[in-house]
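Asks: Pasting the sequence and the predicted model now:
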Amino acid sequence: MSRSTNKPVVLPAIKDGLNYGAHTTGVASLSNLGGLSFYGQSRTSCTPCTGDHTSLPPTIELSPINGFTPMEKWSWGSLGRIQEMSTAQITEQLTKRSPDNSSNIDISDELIIPDQDIPFTTGGFGVVYRGILHNGQQVAVECLRLAIKQTDEGLQAIKRFREELRIWSQCKHPNVRPLLGITQYRQQLAMVLPWMHGTLKHSLSLTSHPVHELYDFCHQIARGVAYLHGIGIVHGDIKAASVLVSADRTVMLADIGSAVIREHSLMANSSTEVTGISHRWMAPELLEGPGTPSAKSDIYSLGMTMLEVITRSEPYAGLDTMAVLQNILSRKLPERPERHLPSGDRRADLLWALLHECWAEDPQSRPVANEVANKLRNLETKLME
């Protein structure tokens with residue numbers, strides 16, 4: 001197979017887990033996924049990733065992928081025997097041609113490995129490498145933490161990744177970070193994602209945003225949540241740290257791999273356990289007993305996230321974890337931040353009332369995400385008057 005003559009753009013790798021992608025621009029899309037190249041120094045050719053590559057670093061160059069087909073067209077039902085397969089067989093299942101034989105995303109034969117291993121940071125599922133498409137679009141490649149082996153631990157990793165692929169393949173919205181594709185390296189499967197400018201939490205801590213922009217962030221987050229709920233996906237861990245920011249101030253819900261699908265959830269290590277959820281944003285019903293995150297608990301977390309955005313600080317700021325848990329269980333809500341939402345200010349009063357609707361003790365009394373988004377849009381309009 002001939003290799004692309006396009007030279008990859010080579011930039012220095014940066015190790016800064018807090019500022020994830022802060023020095024890059026651009027968002028890739030499914031329509032232009034023409035190939036990948038990862039940052040590194042000198043490069044050498046390699047054979048397909050089916051052997052022991054523990055001595056090789058994961059910076060790679062991939063030639064263009066012809067006729068890439070969106071992942072929702074793949075036959076996910078054919079993956080039922082995936083736990084019995086080798087990594088090469090798994091990759092073959094995930095990258096084989098679509099039913100109409102129009103695409104092929106098997107890029108194992110196209111890998112080029114550099115002489116040095118320069119991972120960028122660690123993501124929710126493993127090491128993240130900084131890459132670029134041949135058209136100049138910058139991407140993040142997040143590998144699973146575990147090598148895929150025929151052990152219980154390896155099988156759980158396969159299940160978790162497969163489920164995340166299935167979930168993310170459904171997400172097509174400007175306020176939800178899309179999954180662009182997959183690759184394989186060092187006996188690991190990896191997600192290819194748009195490169196972003198860091199988390200909203202990090203941006204709030206560094207930059208002074210005007211009030212109208214903070215309201216816009218809240219509106220965008222609510223729109224993303226409404227979209228997820230509309231296609232049957234519960235996020236399960238909404239907070240500013242789970243929201244990423246692009247160069248044009250578009251925010252996207254990330255960490256969709258921690259979501260819980262209402263109809264059936266097959267993810268390993270789901271965030272349904274209390275220890276896996278961020279307590280300051282967590283609905284009280286999830287603390288009181290074994291429970292699964294729901295659309296209604298998402299709304300509670302959305303309200304806490306909006307408070308976090310407006311105040312630029314976490315809910316229950318200044319309290320330790322035990323005090324936070326006691327407040328949540330006793331239904332003691334955060335005090336009104338008069339500095340940011342002064343009483344008597346019409347817009348501030350409306351937003352504070354909306355937050356209390358999101359925090360309603362009875363989950364069924366909480367609004368749906370579309371309603372929250374519409375009310376926030378009206379508040380944005382009032383800000384511009």
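Replies: Structure received. Residues are numbered from 1 along each chain as shown.

Asks: my read: residue 199 touches residue 241, true?
Replies: Yes: if you go by CB atoms under 8 Å, residue 199 and residue 241 touch, sitting 5.2 Å apart. Any C-beta I mention is one placed from the backbone N, CA and C, and that applies to glycine too.

Asks: who has more neighbours, these two?
Replies: It is residue 199, of residue 199 and residue 241, that has more neighbours when counted by other CB atoms under 10 Å, with 23 against 19.

Asks: What is the least confident helix or strand in the chain?
Replies: Least confident element among the helices and strands of the chain, by mean pLDDT, DSSP states H and E: strand 260-261 (a mean of 28).

Asks: Report the next helix or strand after it in sequence order.
Replies: Sequence order places helix 284-287 as the next helix or strand after strand 260-261, per DSSP states H and E.

Asks: remind me, longest helix of this structure?
Replies: Longest helix in the chain by number of residues, with DSSP state H as the criterion: helix 211-230.

Asks: Neighbouring strands of the following helix or strand past that helix in the sheet, and parallel or not?
Replies: For helix 211-230, the succeeding helix or strand toward the C-terminus, using DSSP H and E, is strand 233-234. Strand 233-234 has its sheet partners listed here by DSSP bridges as strand 260-261 (antiparallel).

Asks: now the closest residue to residue 180 other than its chain neighbours, which residues is it bridged with?
Replies: Residue nearest to residue 180 in three dimensions, not counting chain neighbours: residue 192, with 4.5 Å by CB to CB, 6 or more residues apart in numbering. Beta-bridge pairing of residue 192, defined through DSSP bridges, involves residue 141, residue 181.

Asks: mind checking pLDDT for the closest residue to residue 138 other than its chain neighbours?
Replies: Closest residue to residue 138 apart from its sequence neighbours, by CB to CB, 6+ apart: residue 195 at 4.0 Å. For residue 195, the pLDDT comes out at 83.

Asks: Please report how far residue 195 lies from residue 139.
Replies: Between residue 195 and residue 139 the distance is 5 Å, computed by CB to CB, to the nearest Å.

Asks: what's the answer for residue 279, then?
Replies: On the measure of CB to CB, residue 279 and residue 139 end up 33 Å apart.

Asks: Out of the two, name the residue with the larger neighbour count.
Replies: Set side by side, residue 279 and residue 139 show more neighbours around residue 139, with 26 against 16, by other CB under 10 Å.

Asks: Does that one lie in a helix or a strand, and which?
Replies: Going by DSSP H and E, residue 139 is in strand 138-143.

Asks: Which neighbouring elements make contact with that strand?
Replies: Applying 3 or more CB pairs under 8 Å, 6 or more residues apart in numbering; DSSP states H and E, we find strand 138-143 packed against strand 36-38, strand 127-133, strand 181-185, strand 188-194.

Asks: Okay, buried residues for the second one please.
Replies: Residues of strand 127-133 classed as buried by neighbour count (16 or more other CB atoms under 10 Å): 127-133.

Asks: What of stretch 206-219?
Replies: Going by neighbour count (16+ other CB under 10 Å), the buried part of stretch 206-219 is 209, 214-219.

Asks: Kindly reformat those residues as CSV containing pLDDT and distance to residue 381.
Replies: Listed next are the buried residues of stretch 206-219 as CSV, based on pLDDT from 0 to 100; distance: CB to CB, whole Å:
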residue, pLDDT, distance to residue 381
209, 92, 19
214, 96, 15
215, 96, 10
216, 96, 11
217, 97, 16
218, 98, 14
219, 98, 10
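
Asks: Among the residues you listed, which one sits closest to residue 177?
Replies: Nearest to residue 177 among the buried residues of stretch 206-219 is residue 217, at 15.0 Å by CB to CB.

Asks: got a list of what the closest one touches?
Replies: By CB atoms under 8 Å, 6 or more residues apart in numbering, residue 217 lies in contact with 200, 209, 243, 251, 309.

Asks: Quick check: the farthest pair among those residues?
Replies: For those, the farthest-apart pair by CB to CB is 209 and 243; their separation is 13.4 Å.

Asks: give me phi/psi at residue 370?
Replies: Backbone geometry at residue 370, expressed as degrees, to the nearest 10, gives phi -60, psi -40.

Asks: again, but for residue 317
Replies: phi -60, psi 140.
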